[in-house]
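Asker: just the structure for this:
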Amino acid sequence: MVREMDTIAAVATAMGSSGIGIVRISGEESFQVLRKVFRKNRGGEWDEKDSHRVHYGFIYDGDEMIDEVLVLVMKGPHSYTAEDTVEIDCHGGILVMKRILETVIKNGARPAEPGEFTKRAFLNGRMDLSQAEAVMDLINAKNQYAMKSSISQLKGKVSEKVRDLRERILYEIAFIESALDDPEHISLEGYAGNLREKLEAMIKEVKKLIDSADNGRVMSEGVKTVIVGKPNAGKSSLMNVLAGTEKSIVTEIAGTTRDTLEEHIQLHGISLNVVDTAGIRETEDVVEKIGVSRARSAASEADLIIYVVDGSVPLDKNDQHIIDMIRDRKALVLLNKTDLDMVVEEEELRRKTGHRVIKASAKDETGMEELEEAVKSMFYEGEIDFNDQVYITNVRHKTALTDTYDSLMMVMRSINEGMPEDFFSIDLMNAYERLGTIIGEAVEDDLIHEIFGRFCMGK
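Answerer: Here you go, the predicted structure:
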C-alpha cells in the first residue's frame, strides 16, 4: 500500500450544538497549517518541541478572529495516526466548527474522508486491521458487553491470538519446506504424527473462536426478540414494561395491535431488539389477518421468542398454533396476569411447550427480573470474561476463521490418508494467509477502502 502523505482535516465531534467541538488535523504539514491560523494569547509562535502540550489562543482567518481555542499539538509518531497531529478545541457551535475547518482547509489541508485518520493509523503501523475495526465497534457499542469486547479487541486480544496461531503454522510450513529442500539433514520421519498433535490443538482453538461469534453477534447487534401470543394476552403491556415507557397502545379490546412495533431495549447489559406483534388468532378481519401474517414472519426470523399466555383464560386452538410454532425455537413462556385468578397451570404449560415458564404480571411488573436473568442465561453461557476469553464480533473475522478451520481440517485429512508432506504445506499456507486477512497482513486495497469507508467522519 502507498503511504498517504498529504495533510487532512475534519471535525472530529458530532456536528451539533455542544459545549466543545474538535477540529483534527493530521499529516506532514499539520504544524505549518496551524502556524497560519493560530495565534497564542500572549503573542509569539509555539515551538514544535512543545509536543503533547495544550496551547491557549485564537484562530484567525487572515485578520478576522474566529474563535478562542485550546490547541493540542502531538508530534509523530506519538499520536493516533503516528503523524504530526493537531487538535483544535473550539466552542461547539456548528457554524464555528465549520468556519474553523474551512480556514484550516484554505491554509493547506484537505477534507478527510470517513475513517481516514484511523486508516492512516493502520497504514502507518500504529494498529492492525482488527484493532482499527474495533475503534468503530467501540463508537457504535450499544451495551456494556459490546463496549468491553471492543476495548478488548482494541487492546490487541484478537491480534495476539491470531499472531500466535500464524507463528505456529508458519513454523510447520518452514520445517516442511526445509526438509523437502534438504532431506539429508532434516528428516520427515514420524513428522505426520507430531503435526497431527499440533493440528488438534490449533483446530480446537480456531473452533473456540468461531463458536464465540454467536455470543459476539449478540453483544454487537443485540438479540432479535419477538413477543407473540393471543390477542389481549398482555404482549403490549410487556413491551411497555421492558421499554420503560408507553410504546404500545394497551386497551381491553382484543386485537388492538395490528402491526409490528420495534424498540431497542437494554436488559442487564444485553441489547434486545424487541418486536411487539399482532395477536395470533384465526380472524376474518382483512387488516388483522395481515398483522397476524407479519407476526408469524417476524417470529420465524427471531433469535428469541417470548410467548405471552393469559393465565386467566383456558388454552385454546390458537395457543396450540403458537406452541407448534415455537416448539423447536429458542423461546421463553411468560405466564401472564398472575394478579388475576389463574386457570392455566405452570406445569401444564411447561409440559406442552417444552420451554421454561416464568410466572409474571405485566400490570404489576412482577417476574421481570426472572425474565431478564433467563434471557441472559440463554444467550451467554457462563460468565462473560474479557480478561482471557476472546470474542469474535466481526462477520469478516468469522469468515476468515471458518476458512482457516477448513484448511487445517484438510491438512488433517491429508495426514490420515497418508498424503505427501508438500500437500500439508499447501493447506497450511492457505490457513496462514486467511488468518493474515484478520489483522491486515494479506488484504487488498479495495477491502481496506471498504472497511474504512464505513467509519464516521473525523475518525
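
Asker: just the strands in the stretch 201-350 of the chain please.
Answerer: Assigned by DSSP state E, counting those that start in this stretch, the strands in the stretch 201-350 of the chain fall at 223-229, 261-267, 270-276, 304-310, 331-336.

Asker: possible to save those strands as a markdown table with distance to residue 238?
Answerer: Heads up, the C-betas are built off the backbone N, CA and C, glycines and all. Converted to a markdown table, those look like this (distance: least, Cβ to Cβ, whole Å):
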| stretch | distance to residue 238 |
| --- | --- |
| strand 223-229 | 6 |
| strand 261-267 | 11 |
| strand 270-276 | 8 |
| strand 304-310 | 6 |
| strand 331-336 | 7 |
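
Asker: a strand runs through residue 65, doesn't it?
Answerer: Yes: assessed with DSSP: H, G, I helix; E, B strand; the rest coil, residue 65 lies in a strand.

Asker: ok, and the closest non-adjacent residue to it?
Answerer: Closest residue in space to residue 65, ignoring its immediate chain neighbours: residue 58 at 5.2 Å, by Cβ to Cβ, 6 or more residues apart in numbering.

Asker: for that neighbour, list each beta-bridge partner.
Answerer: residue 39, residue 68 (DSSP bridges).

Asker: that one: what's it in contact with?
Answerer: Contacts for residue 58 (Cβ atoms under 8 Å, 6 or more residues apart in numbering) come out as 38, 39, 41, 65, 66, 67, 68, 69.

Asker: can you do 10 Å?
Answerer: The contact partners of residue 58, by Cβ atoms under 10 Å, 6 or more residues apart in numbering, come to 37, 38, 39, 40, 41, 65, 66, 67, 68, 69, 71.

Asker: can you check residue 431 too?
Answerer: 165-166, 169, 172-173, 199, 202-203, 206, 400-401, 403-411.

Asker: so for the top helix by length along the chain, what's the average pLDDT?
Answerer: As assigned by DSSP state H, the longest helix anywhere in the chain is helix 191-221. For helix 191-221, the mean per-residue pLDDT is 86.

Asker: return the distance of it from the chain's centre.
Answerer: The chain centre lies 20 Å from the centre of helix 191-221; the measure is Cα atoms, centre = their mean, to the nearest Å.

Asker: what's it packed up against?
Answerer: For helix 191-221, the packing partners by 3 or more Cβ pairs under 10 Å, 6 or more residues apart in numbering; DSSP states H and E come out as helix 129-140, helix 144-154, helix 157-181, strand 270-276, helix 368-379, helix 395-416, helix 421-439.

Asker: rerun at 6 Å
Answerer: In this structure, helix 191-221 packs against helix 144-154, helix 395-416, with contacts taken as 3 or more Cβ pairs under 6 Å, 6 or more residues apart in numbering; DSSP states H and E.

Asker: and the gap between residue 425 and residue 174?
Answerer: As judged by Cβ to Cβ, to the nearest Å, residue 425 and residue 174 stand 10 Å apart.

Asker: on that earlier part again, what's the closest of the strands of the stretch 201-350 of the chain to residue 18?
Answerer: Residue 18 lies closest to strand 261-267 among the strands of the stretch 201-350 of the chain, at 23.5 Å (Cβ to Cβ).

Asker: only alpha carbons, please: show the closest one as CSV.
Answerer: The C-alpha coordinates for strand 261-267 follow below in CSV (Å, rounded to 0.1, in the frame of the first residue of the first chain):
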residue,chain,number,x,y,z
LEU,A,261,-43.7,-2.3,16.7
GLU,A,262,-40.0,-2.4,17.2
GLU,A,263,-38.0,-1.0,20.2
HIS,A,264,-34.3,-1.2,21.2
ILE,A,265,-34.1,-2.1,24.9
GLN,A,266,-31.2,-2.6,27.4
LEU,A,267,-31.7,-5.6,29.6
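
Asker: quick one: mean pLDDT over it.
Answerer: For strand 261-267, mean pLDDT rounds to 74.
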